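Student: structure for this input, please:
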Amino acid sequence: MTIQLGFHIGQQNIALSDLRALWRRLDQNGADWISLWDHFYEAPPAGGTQDHFEAVSLLGALAADTQNARIGCLVFYVGYRNPALLAKVASSIDHIANGRFELGLGAGWHAQEAAAYGFDFPSIGTRLDMLDEAAEIISSLLTQPRTTFHGTHFSVENASNLPRPLNPKLPIWIGGLGPKKTLRIVAQRASGWNAAYVSPEQFGQLNQTLNQWCERLGRDPTEIERSVNLSFHLGLTPADLEAEHARIDSDWGPQAARIRAGSLVCTPSQAIDKILAYHQQGASLINIALRAPWREDALACYLNEVMPAVRAAVG
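Tutor: The predicted structure is shown next:
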């Protein structure tokens, strides 16, 4: 199995000019994937106290500014935008990106921003039902001349989506960790699955559960790409690592242990081993999640030393 290395950027606490310079740099330095996230407030939550750019508008700039990497959003919360609108967004951005755009969908988690902006944020069971309906609608709108669907949460009536995306098989990613419902939806409807901030062992367990769902539903599991997002806390010195551990504790509080398990809070040599561990557990795409401010020396080391070493190890 080949390996791809990507970046998941939180578009917060950073000037737009610096953000655009960042993704140009990543694209020119061998990134296989560049994505943004779909939030209105910062993550981890801080009550809307940090600058934060909206995802769809920035994806247009990301598509225009880059030439090589696949691009996307991991993931759009389906409660913020009508799924037919998201299909239209995907097609339009794919044209800007010359066929490189991939659409991520999820059930959401950031209740604080939803309440602040006046969006309903129902129970996780209801949000997963919304995700299932949205994925069905979007898949049809990306591939069929007309779509009619009447569900519990979303409806479309004889809807078209023209122009079609340049990529006739534009991938739909679904993100989430739920073994019973989320992974069933992935097996039934997705081209890719993304897990965020889990250990290699947990990723491997969930990956096997996804394979089991594919078997139950008659889906070839090799049709589904597997990816993981890891929070970036690389340190070049013991003092760096101590500061990064403190940052995780400060940012995430009670959730710090969970985030730490799915982070590159380690030295460069340890990062190589950890990335390879995820690959051995079935991840073909490993993304580091960047939240400003990050250590420039650590990012340079990741680009110039860690990524080449990982690729050389996989062959």
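Student: helices along the protein, start to end?
Tutor: Along the chain, counting by DSSP state H, helices occupy 16-28, 55-65, 83-96, 111-117, 124-143, 182-189, 200-217, 238-252, 256-261, 268-280, 296-301, 307-314.
Student: out of these, flag the one nearest D38.
Tutor: With CB to CB as the measure, helix 55-65 is the member of the helices of the chain nearest D38 (4.6 Å). For the C-beta atoms, the positions are set from N, CA and C on the backbone; glycine is no exception.
Student: go through that closest one and flag the buried ones.
Tutor: Residues of helix 55-65 classed as buried under the neighbour-count rule (16 or more other CB atoms under 10 Å) are 55-56, 58-59, 61-63, 65.
Student: among those residues, which one lies nearest to F7?
Tutor: Nearest to F7 among the buried residues of helix 55-65: L62, at 11.0 Å, using CB to CB.
Student: hang on, the earlier thing: how about a markdown table for the helices of the chain, with distance to K169 added?
Tutor: Converted to a markdown table, the helices of the chain look like this (distance: least, CB to CB, whole Å):
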| stretch | distance to K169 |
| --- | --- |
| helix 16-28 | 23 |
| helix 55-65 | 18 |
| helix 83-96 | 11 |
| helix 111-117 | 32 |
| helix 124-143 | 8 |
| helix 182-189 | 14 |
| helix 200-217 | 18 |
| helix 238-252 | 37 |
| helix 256-261 | 34 |
| helix 268-280 | 24 |
| helix 296-301 | 33 |
| helix 307-314 | 25 |
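Student: can you tell me which of these is most buried?
Tutor: helix 182-189 (a mean of 23; mean count of other CB atoms under 10 Å).
Student: give the other helices and strands that that helix contacts.
Tutor: helix 124-143, strand 172-175, helix 200-217 (3 or more CB pairs under 8 Å, 6 or more residues apart in numbering; DSSP states H and E).
Student: direction included, what does the second one pair against?
Tutor: When you say that, I think you mean strand 172-175. strand 101-106 (parallel), strand 192-196 (parallel) (DSSP bridges).
Student: turn these into JSON lines, columns for distance to G125, mean pLDDT and mean neighbour count.
Tutor: Formatted as JSON lines, the strands paired with strand 172-175 follow (distance: least, CB to CB, whole Å; pLDDT from 0 to 100; neighbours: other CB atoms under 10 Å):
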{"stretch": "strand 101-106", "distance to G125": "15", "mean pLDDT": "98", "mean neighbour count": "26"}
{"stretch": "strand 192-196", "distance to G125": "20", "mean pLDDT": "98", "mean neighbour count": "24"}
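Student: mind checking which of those strands is nearest I288?
Tutor: With respect to I288, and counting by CB to CB, the nearest of these is strand 192-196 at 11.5 Å.
Student: next, the angle from that closest one to helix 200-217.
Tutor: For strand 192-196 against helix 200-217, the angle between stretch directions is 150 degrees (axes from the mean of the first three to the mean of the last three CA atoms, to 10 degrees).
Student: just the C-alphas of strand 192-196, formatted as CSV.
Tutor: Taking C-alpha atoms only, strand 192-196 is exported to CSV below (Å, rounded to 0.1, in the frame of the first residue of the first chain):
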residue,chain,number,x,y,z
GLY,A,192,-13.0,7.8,1.7
TRP,A,193,-13.0,7.7,5.5
ASN,A,194,-11.2,10.1,7.8
ALA,A,195,-10.5,9.7,11.5
ALA,A,196,-9.2,12.5,13.6
